[in-house]
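Colleague: Have a look; sequence and predicted model below, questions after that.
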Amino acid sequence: MKIDATVRRRRDLMSQVIRCYTHDELFPGLTLLPLKMVPKSSSSCTTFSEREKVRSRILPILGVDPDGNQEEPEEILLDIRRFLKPKRNEGPLLTISAESCDGCPDGQVLVTDSCRGCEAESCRTVCPRGAVSIVNGKSFIDQEACISCGLCIRACRFTAIVKLEKPCRKVCPTNALSQDEQGIMHIDEKKCIACGACYNSCPFGAVTPVSELRYVIDILQSQRKVSAVIAPSCVGQYPGTMGQLITALKRLGFACVYDVALGADMIAAAEAEEWKEAEEEGSLLLSSCCPAYQNYLSQRLIELQPSVSHSPSPMVALAGQLKERDPECAVVFIGPCIAKKDEARKTDCVDYVLTFEELGALLVASAIDVQELEETVGFDMVPSPEARGFAISGGVLKALSRMQKEGFPLEHGITVEGFSFETIRTLKQAVMDETSFIELMACEGGCINGPGISCTSKITKRKLLADIAQGDETVSVGQKRA
């Protein structure tokens, strides 16, 4: 899979930081990393700046919030053990490195080279402030007079006029991002729903999740039994087969590996019954498995919260059962979602959460090549094919429909993806019409397109659909492997 340079550097740094931690080489290992990753160039200013970016990005990988400390990144790294908290981070889930943030221009309306200098001059005509003039046969915008109303953008038939927007702010559905006097962005923790859209939109790699990797490594190296609960969207995330990935997880130290779709099987019947009741009462039921959307509802659509299903998410349902069987075991959820870290904080049954990207870094740091390993027969227990479909938009809807003995036609329910204006309008309209069930997905396409994935959603969707179609005829659903 082709990945851009920002993602490649991010993953390389993550694996190197984790390697330093697992080999107990925090000092001087971490202090040398910026020098290793950014060789000295002809410009000393550029070299210093790039190395500062690396230093600031190291901290959240180790679970340290840079904004929560007065010291500079370099000072923290020199005495890093003092800043490593023994318990899971309860601060922000996402942080922005001031050293990496470019302070992108925002709100400016500019004329591009695509301007044809047409006779219509529609852009000049519609401007209410006279900010648009014709200079040397091309449109020109006086920035001091421009009020960024966007009328000229809509009037141009060549789409030659654009409005610059900060990529992170553009994708944030709750306006949780603001800028200081230098243009550096900051995340309002109270408004952030942990959807992770800003994480992948920043072309400078300035947005970083505060990772729990260090805590997972510590617990894997302890005597405590640790179970991995992995999302079905893991299919295709790493080279090799699912059986080889399970072997890799057990080589890392996980005692058992479960597909979180088992949790989907647990809640499907209850949620299907809730849907049936909503249909009979003429009311509305909203799915509860996407934590980012639950956070959004709590902020922006509070009136819809009473309609959310009482069923827990598949992650919480399965983790709860594992804890009930063995209260002393640790449960680590592995998936594509950053918001799951927030959900885990609100429950006692999930100890830590890793994204697929973080697991990939841990495998690299541990010198484990998945595709070179032997096959493990499969998961410790096997979910239904329909439950694995929860990872794809529309999968929850289909699974619940099949749970109904009489069966509801799919038009009684809809799937809502993302937070665009059109999406929210569809959601509000569905409340007013005859829709009885709405499947909510923060990520377009479903969990397979989450912010913490390691490969494109197309690869995962193709392989996951093939697995679902094939099913598992050798072991009944929920049965333990021999």
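Modeller: Looks like it arrived, so ask away.
Colleague: in this protein, which ranges drop under the pLDDT threshold?
Modeller: Scanning the chain for pLDDT under 70 picks out 1-2, 42, 89, 404-411, 471-482.
Colleague: Show me where the stretch 201-350 of the chain has its strands.
Modeller: 207-209, 226-230, 256-259, 285-286, 330-335 (DSSP state E, counting those that start in this stretch).
Colleague: List the contacts of residue 248.
Modeller: Residues in contact with residue 248 (C-beta atoms under 8 Å, 6 or more residues apart in numbering) are 238, 240, 363, 368, 370, 373. Any C-beta I mention is one placed from the backbone N, CA and C, and that applies to glycine too.
Colleague: typed the wrong thing, it's residue 332
Modeller: Residue 332 neighbours (C-beta under 8 Å, 6+ apart): 216, 219, 226-229, 254, 350-354.
Colleague: which one of the contacts of residue 248 sits closest to residue 427?
Modeller: Nearest to residue 427, judged by C-beta to C-beta, of these is residue 238 at 34.6 Å.
Colleague: Which residues are in contact with the closest one?
Modeller: 245, 248, 356, 360, 363, 370-371, 454.
Colleague: and it, how far is that from residue 368?
Modeller: Taking C-beta to C-beta, to the nearest Å as the measure, residue 238 falls 10 Å from residue 368.
Colleague: got it, and residue 236?
Modeller: Going from residue 236 to residue 368 by C-beta to C-beta gives 18 Å.
Colleague: again, but for residue 228
Modeller: Between residue 228 and residue 368 the computed distance is 14 Å (C-beta to C-beta).
Colleague: With neighbour numbers in mind, choose between these two.
Modeller: Here residue 228 and residue 368 are compared on neighbour count by other C-beta atoms under 10 Å; more neighbours surround residue 228, at 28 against 16.
Colleague: For stretch 367-382, which residues meet the burial criterion?
Modeller: 368, 370, 373, 376, 378-382 (16 or more other C-beta atoms under 10 Å).
Colleague: now stretch 256-270
Modeller: 256-268.
Colleague: What is the longest helix seen in the chain packed up against?
Modeller: Identified as the longest helix of the chain according to DSSP state H is helix 261-281. Packing partners of helix 261-281 (3 or more C-beta pairs under 8 Å, 6 or more residues apart in numbering; DSSP states H and E): strand 285-286, helix 314-325, helix 385-388, helix 395-403, strand 437-441.
Colleague: Using JSON lines, lay out those together with mean neighbour count and distance to residue 138.
Modeller: Listed next are the helices and strands packed on helix 261-281 as JSON lines, based on neighbours: other C-beta atoms under 10 Å; distance: least, C-beta to C-beta, whole Å:
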{"stretch": "strand 285-286", "mean neighbour count": "25", "distance to residue 138": "51"}
{"stretch": "helix 314-325", "mean neighbour count": "21", "distance to residue 138": "55"}
{"stretch": "helix 385-388", "mean neighbour count": "24", "distance to residue 138": "55"}
{"stretch": "helix 395-403", "mean neighbour count": "22", "distance to residue 138": "51"}
{"stretch": "strand 437-441", "mean neighbour count": "25", "distance to residue 138": "44"}
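Colleague: Any idea which of those gets closest to residue 36?
Modeller: Comparing these by their distance to residue 36 (C-beta to C-beta), the top pick is helix 314-325, with 37.1 Å.
Colleague: who's in contact with stretch 108-121?
Modeller: 123, 134, 137-141, 143, 146, 148, 150, 152-153, 156-164.
Colleague: again, only this time at 10 Å
Modeller: Here stretch 108-121 makes contact (C-beta atoms under 10 Å, 6 or more residues apart in numbering) with 123, 127, 131-141, 143, 146-153, 155-165.
Colleague: Just the buried ones among these, please.
Modeller: Neighbour counting with 16+ other C-beta under 10 Å marks 123, 127, 131-132, 139, 141, 146, 148, 151-153, 155-156, 160-161 as buried within the contacts of stretch 108-121.
Colleague: which two in the residues you listed are spaced the farthest apart?
Modeller: With distances taken as C-beta to C-beta, the most widely separated pair in the buried ones among the contacts of stretch 108-121 is 148 and 160, at 16.6 Å.
Colleague: what's residue 234 in contact with, if anything?
Modeller: By C-beta under 10 Å, 6+ apart, the contact set of residue 234 is 242, 245-246, 249, 259-260, 334-336, 356, 359, 391, 448, 453-454, 460, 464.
Colleague: a markdown table for the strands of the stretch 201-350 of the chain, including distance to residue 276?
Modeller: A markdown table is the format used below for those (distance: least, C-beta to C-beta, whole Å):
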| stretch | distance to residue 276 |
| --- | --- |
| strand 207-209 | 38 |
| strand 226-230 | 28 |
| strand 256-259 | 26 |
| strand 285-286 | 9 |
| strand 330-335 | 29 |
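Colleague: Relative to residue 309, which of those strands is closest?
Modeller: Comparing the strands of the stretch 201-350 of the chain by C-beta to C-beta, strand 285-286 comes nearest, at 5.8 Å.
Colleague: Check whether residue 14 sits in a helix, strand or coil.
Modeller: helix (DSSP: H, G, I helix; E, B strand; the rest coil).
Colleague: The residue nearest to it when sequence neighbours are not counted: how many residues sit nearby?
Modeller: Distances taken as C-beta to C-beta, 6 or more residues apart in numbering place residue 361 nearest to residue 14, at 3.8 Å, with adjacent residues excluded. Counted by other C-beta under 10 Å, the residues lying close to residue 361 total 26.
Colleague: Summarise which helices and strands the helix or strand residue 361 falls within is packed against.
Modeller: Using DSSP states H and E, residue 361 falls within helix 356-365. Packing partners of helix 356-365 (3 or more C-beta pairs under 10 Å, 6 or more residues apart in numbering; DSSP states H and E): helix 5-22, helix 213-220, strand 226-230, helix 242-252, strand 330-335, strand 352-355.
Colleague: now the contacts of residue 248 in TSV, with distance to residue 41?
Modeller: Converted to TSV, the contacts of residue 248 look like this (distance: C-beta to C-beta, whole Å):
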residue	distance to residue 41
238	34
240	38
363	32
368	34
370	36
373	40
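Colleague: Out of the residues you listed, flag the one nearest to residue 45.
Modeller: residue 363 (36.6 Å).
Colleague: do you know how far the nearest residue to that closest one once chain neighbours are set aside is from residue 374?
Modeller: Excluding its sequence neighbours, the residue lying closest to residue 363 (C-beta to C-beta, 6+ apart) is residue 248, at 6.1 Å. Using C-beta to C-beta, residue 248 is found at 10 Å from residue 374.
Colleague: before we move on, what about residue 48?
Modeller: For residue 48 relative to residue 374 (C-beta to C-beta), the value is 47 Å.
Colleague: cool, residue 272 as well?
Modeller: For residue 272, the distance to residue 374 equals 39 Å [C-beta to C-beta].
Colleague: Equivalent analysis for residue 271, please.
Modeller: Residue 271 is 38 Å from residue 374, by C-beta to C-beta.
Colleague: neighbours around residue 446, how many?
Modeller: Using other C-beta under 10 Å, residue 446 is surrounded by 27 other residues.
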